[in-house]
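Asker: let me see the structure of the following:
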Amino acid sequence: MTSTHTGYLLIADITGYTQFLTSSEMDHANPILQSLLGVLLEQIGDPLSFWKTEGDAVLAYSKRQDFPSGETFLTICENLYNAFTLRRQHIISNTTCPCQACANVNKLDLKIIAHHGRFDEMRLGSTKDISGPDVILVHRMTKTEVNEHTGIRSYALFSEAAAQAMNISEIMKPFSQDFDHFGEVRMKVYDLAKSWETLRANREREFLREEDGVWTMRYHFDAPIGVVWEALVAPEQKLKWMNSVSDIRMENPLGRLGPGSGYHCAHAMAEFFYRVTDWEPFEYFSTRILDPARPVVSFPETYHLTETGTGTELRYTMGIATDADGARSKISEKECSAFLADFWAVSFADMNEQLSGSR
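Answerer: The predicted model follows:
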């Protein structure tokens, strides 16, 4: 049985693989590679579909028409790199073995290749495979001279089609190369290591535990964590489920969603403004929101996501409300929590219904 889809094609490719194997003891090299490939596989899940592994690479694709936004797809790429980097660092930090395999782990790196196009999904016995010209192209894109021309070693390489579908190409560097039968292919390069340093290094944590807050609400969504995350943060998704919100305007000082981004939501009853203060996709994000009735008062909030066997649990925690001088406003806490209790109950129910219906 064959079905045709349009979506993202992704290859997470470990670089330095051949040199690592040929210069290392196999009894240590293989477990190291299995560990690194394993942590990449852990990052692949709905709304991405696992395709297969090819030696030093993990392949995946998406076929959901409502997923993902460019922000979420780029976040998936970053999470793959971050998981790989942390596992590599763990291996380096926890070995005293003097063999070549253990000594050369730091020479392994990761590049991510992505294209957006059409492909045929085929079921072959108990397995699935995909095929088509766009599938061939994404494989060709793994053999480029990006590093030589840009000096970027840890990168995500997106075809022009993928960059346009993502709508965030302005934060990437242009690159092009000729491929047999495809001619010159225009692409965009994203520096994953630089992103790691910019968005994560030396940041201040603004994570509220439940005991840190004044009010907490929990809600279970019948959808995977990546889909719930996107619905909570992407403006075009939020408009679909936020009760009585007619418009959302964004400020993105870094050119994309993350710490410093601001949301301005037009609700039927009031205007709400909040800014992102901490960002850990797909685990949690925190914001600081102004009390619309008292603009000098604001309070922190954390949205914490946890995978369950049947979907995703959200813990929303509201923190202590204070004015510019740090004085606490209990009346603001009381009024805002009362409003949010009703607002979230209706909005989250709508969100869950929409996400469940789109699967």
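
Asker: so what's residue 264 closest to, chain neighbours aside?
Answerer: Nearest non-adjacent residue to residue 264, counting by Cβ to Cβ, 6 or more residues apart in numbering: residue 249, 4.4 Å away. (C-beta placed from N, C-alpha, C; glycine too.)

Asker: mind checking the SS state of the one you found?
Answerer: Three-state call for residue 249 (DSSP: H, G, I helix; E, B strand; the rest coil): strand.

Asker: tell me how many other residues surround it.
Answerer: 11 (other Cβ atoms under 10 Å).

Asker: distance check, it against residue 239.
Answerer: Separation of residue 249 from residue 239 (Cβ to Cβ, to the nearest Å): 11 Å.

Asker: go on, residue 282?
Answerer: Applying Cβ to Cβ, the value for residue 282 to residue 239 is 21 Å.

Asker: compare the two (neighbour count), which wins?
Answerer: With neighbours defined as other Cβ under 10 Å, residue 282 and residue 239 compare such that residue 282 has more, 22 against 13.

Asker: nearest residue to the middle of the protein?
Answerer: With the centre of the chain defined as its mean C-alpha position, the nearest residue by Cα atoms, centre = their mean is residue 75, 2.4 Å away.

Asker: which ones are touching that residue?
Answerer: By Cβ atoms under 8 Å, 6 or more residues apart in numbering, the contact list for residue 75 reads 229, 281, 282.

Asker: the second one and residue 79 touch, don't they?
Answerer: Yes: with the criterion set as Cβ atoms under 8 Å, residue 281 and residue 79 qualify as a contacting pair; they are 6.4 Å apart.

Asker: who's more crowded, those two?
Answerer: Neighbour count, other Cβ under 10 Å: between residue 281 and residue 79, residue 281 has more, with 23 against 17.

Asker: give me the phi and psi for the more buried one.
Answerer: Dihedral angles of residue 281 (phi, psi; degrees, to the nearest 10) stand at phi -60, psi 140.

Asker: distance of it relative to residue 303?
Answerer: Distance of residue 281 to residue 303, given as Cβ to Cβ: 11 Å.

Asker: likewise for residue 260?
Answerer: Taken as Cβ to Cβ, the span from residue 260 to residue 303 is 17 Å.

Asker: neighbour-wise, which of the two wins?
Answerer: The residue with more neighbours, out of residue 260 and residue 303, is residue 303; 18 against 13, by other Cβ under 10 Å.

Asker: which residues touch the helix or strand hosting that one?
Answerer: Per DSSP states H and E, residue 303 falls inside strand 294-308. Here strand 294-308 makes contact (Cβ under 8 Å, 6+ apart) with 206-208, 213, 220, 224-225, 228-229, 232, 274, 277-278, 282-291, 312-324, 329, 332-333, 336.

Asker: same question, stretch 316-326
Answerer: Contacts of stretch 316-326 (Cβ under 8 Å, 6+ apart): 208-210, 212-219, 291, 294, 296-304, 328-330, 332-333, 336-337, 340, 344.

Asker: what of stretch 173-191?
Answerer: 74, 77, 137, 140-141, 144-146, 149-150, 152, 154-160, 162-163, 169, 171-172.

Asker: contacting residues around residue 95?
Answerer: Neighbouring residues of residue 95 by Cβ under 8 Å, 6+ apart: residue 102.

Asker: give the helix, strand or coil label for it.
Answerer: coil.
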